[in-house]
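Asks: A predicted structure for the sequence below; I have some questions about it.
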Amino acid sequence: MSITAEPIARVVLALSKLPGIGPKSAQRLAYHLLDSPDMEIEELANSLLELKGGLSLCSTCFNVADRNPCSICTDANRDAALLCVVERPSDIPPVERTGRFHGFYHVLHGSLNPARGIGPDALRIRELLPRVRSGAVTEVILATNPTVEGEATAMYIRQLVSPCGVRVTRLARGLPFGADIEYADDITLGQAIESRQGF
């Protein structure tokens, strides 16, 4: 016999399916929503319903957008010579928050993973080549995740775009700011040594 009312249990179950939300956090959120004014609940429900219906993929960069082309692709202040390749739309906001990148993006929508049947044709790699060959791009920044799949994807793309005469770079890896060297794992410290810069 459950001590939680069925509607609350359903909300807890739904919320716990979200990334980073465990059962306790989901329960806390459910009770918070229960105590919230009806207007806030309606606003949340409507925004969730509109989330999928009001968005599509930009036909240029394949980012999730509410217009086509997206606001990044139509920004005349961006540097057309720089093209940053990311795995997912969710990778763009962290790059933008740095305030250090002012070029354009290309979203792959995943990474190569032959074990799961994800090959080059399942990603937006084919659409990347015309953008690189356009003549405007001089540098392709490979910002795939530092995983086995991300590395394989970056190497595959490097092989494809290098003959186009553009500079291909990879995001530097190494120690995070504020970290102690003695606590760094061997791989991270090794990458920091390999990615060292002049000072």
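Replies: That came through, no problem. Numbers count the residues shown, from 1 in each chain.

Asks: centre of the chain to the longest helix along the chain, how far?
Replies: Across the chain, the longest stretch assigned as helix under DSSP state H is helix 38-53. On the basis of C-alpha atoms, centre = their mean, to the nearest Å, helix 38-53 sits 24 Å off its chain's mean C-alpha point.

Asks: what's the helix or strand that that helix is followed by in contact with?
Replies: Next in sequence after helix 38-53, counting helices and strands by DSSP states H and E, comes strand 56-57. By C-beta atoms under 8 Å, 6 or more residues apart in numbering, the residues outside strand 56-57 that reach it are 63-65, 68. In short, each C-beta sits where N, CA and C put it, glycine included.

Asks: correct me, but Leu171 touches Ala143?
Replies: Yes: between Leu171 and Ala143 there is a contact under C-beta atoms under 8 Å: 5.1 Å.

Asks: quick one, which of the two is more surrounded?
Replies: Ala143 (21 against 15; other C-beta atoms under 10 Å).

Asks: contacts only, for the more buried one.
Replies: So Ala143 contacts 84-86, 91, 95, 171 (C-beta under 8 Å, 6+ apart).

Asks: equivalent analysis for Pro89, please.
Replies: Neighbours of Pro89 in contact, by C-beta under 8 Å, 6+ apart: 63-64, 107, 109.

Asks: 10 Å instead?
Replies: 55, 57-58, 61-65, 70, 105, 107, 109 (C-beta atoms under 10 Å, 6 or more residues apart in numbering).

Asks: now do the strands in this protein.
Replies: 56-57, 64-65, 82-86, 104-107, 139-142, 167-170 (DSSP state E).

Asks: just checking, what packs against the fourth one?
Replies: Right, the one you point to is strand 104-107. For strand 104-107, the elements it packs on are strand 82-86, helix 92-98, helix 128-133, strand 139-142, judged by 3 or more C-beta pairs under 10 Å, 6 or more residues apart in numbering; DSSP states H and E.

Asks: in its sheet, what does it sit against?
Replies: strand 82-86 (parallel) (DSSP bridges).

Asks: rewinding a little: can I get the longest helix of the chain in CSV, CA atoms only?
Replies: The C-alpha coordinates for helix 38-53 follow below in CSV (Å, rounded to 0.1, in the frame of the first residue of the first chain):
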residue,chain,number,x,y,z
ASP,A,38,-2.2,27.4,-10.0
MET,A,39,-1.0,30.1,-12.4
GLU,A,40,2.6,29.0,-12.0
ILE,A,41,1.7,25.4,-12.6
GLU,A,42,-0.3,26.3,-15.7
GLU,A,43,2.6,28.4,-17.0
LEU,A,44,5.0,25.4,-16.5
ALA,A,45,2.6,23.0,-18.1
ASN,A,46,2.1,25.2,-21.1
SER,A,47,5.8,25.9,-21.6
LEU,A,48,6.4,22.1,-21.5
LEU,A,49,3.7,21.5,-24.1
GLU,A,50,5.1,24.2,-26.4
LEU,A,51,8.7,23.0,-26.0
LYS,A,52,8.5,20.4,-28.7
GLY,A,53,5.9,22.0,-30.9
